[in-house]
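# Fold the following for me, if possible:
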Amino acid sequence: MKFTLSLIAFVVAAVLIPFFVPGIGHREGLDPNSNLPWQITTDGQGGSSVFGLQPGVSTLAEVRQRFAADFEVAIIAEPNEIGALEAFYSSVPLGFVTAKMVLTIEADPEMVTAMRERALRATPMESTTRKITLSQEDVAAADRLPIRAISVIPTANIDEATLVQRFGSPDERLVAGEKRVHLLYPKLGLDIVVDGEAKELFQYVAPRAFADLREPLRALPVVAASQ
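As a prediction, the model looks like this:
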């Protein structure tokens, strides 16, 4: 999930400043101060809301109503895996910027297996990953299912200091490589992947389901967040 120096600086400023400074980068017909990545609310009972959606509660049909219907639904699978049911937006407006969005849909393995058996075709993606196109019947069925997780890749590269300024100090900071770290916010149900060589990735789940984000990272070293 990837000039001259003066021109580069200009492009970075033109994209980053609207993303992080309220009131700049207004777009016609959109509220530049809504749907921002740091506008997360929690209900004190393990639930949360971001971008007007509730992970674990809102259905794919509700996503269509909020962001329009022009997304693709497919099963994404590695070799020897059943795969995960996902929906993809190549571009959605979030406040003053656009971003790519991937929605992981709550579907048990039996349902995904049945959908694979009715699938129209499989298309190779990066490496050995395959995208399996659903039948129209199963696309309609997916609309009734809740979304388990929301992943967002903003158009701008964002440094860690700016993220901490907006979200606060993370509860954990996990080093995933020479240029990649995870900033973990369990109370918000959020994992931010800061990548020095690619776009940043925001992953949202309901706080009660934060283990879904944390467990796969257990082998990484823990760096205590500054208080």
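# who touches the residue nearest to Ala149 when sequence neighbours are not counted in this structure?
For Ala149, ignoring the flanking residues on the chain, the nearest one in space by Cβ to Cβ, 6 or more residues apart in numbering is Thr104 at 4.1 Å. In short, each C-beta sits where N, CA and C put it, glycine included. By Cβ atoms under 8 Å, 6 or more residues apart in numbering, the contact set of Thr104 is 84-86, 147-151.
# Contact partners for the residue nearest the centre of the chain?
Ranked by distance to the mean C-alpha position of the chain (Cα atoms, centre = their mean), the top residue is Ser151 at 0.9 Å. Neighbour list for Ser151: 1, 101-104, 201-204 [criterion: Cβ under 8 Å, 6+ apart].
# So for the helix or strand containing it, mean pLDDT?
Using DSSP states H and E, Ser151 sits within strand 147-154. The pLDDT scores in strand 147-154 average 95.
# tell me the angle of the longest strand anywhere in the chain relative to strand 147-154?
Ordering each strand of the chain by length in residues (DSSP state E) puts strand 84-94 first. Strand 84-94 runs at 50 degrees relative to strand 147-154, counting by axes from the mean of the first three to the mean of the last three Cα atoms, to 10 degrees.
# Give the pairing partners of whichever helix or strand comes after strand 84-94; include direction for each.
Per DSSP H and E, strand 84-94 leads on to strand 97-105 as the next helix or strand towards the C-terminus. Sheet pairing here is set by DSSP bridges, and for strand 97-105 it gives strand 84-94 (antiparallel), strand 147-154 (antiparallel).
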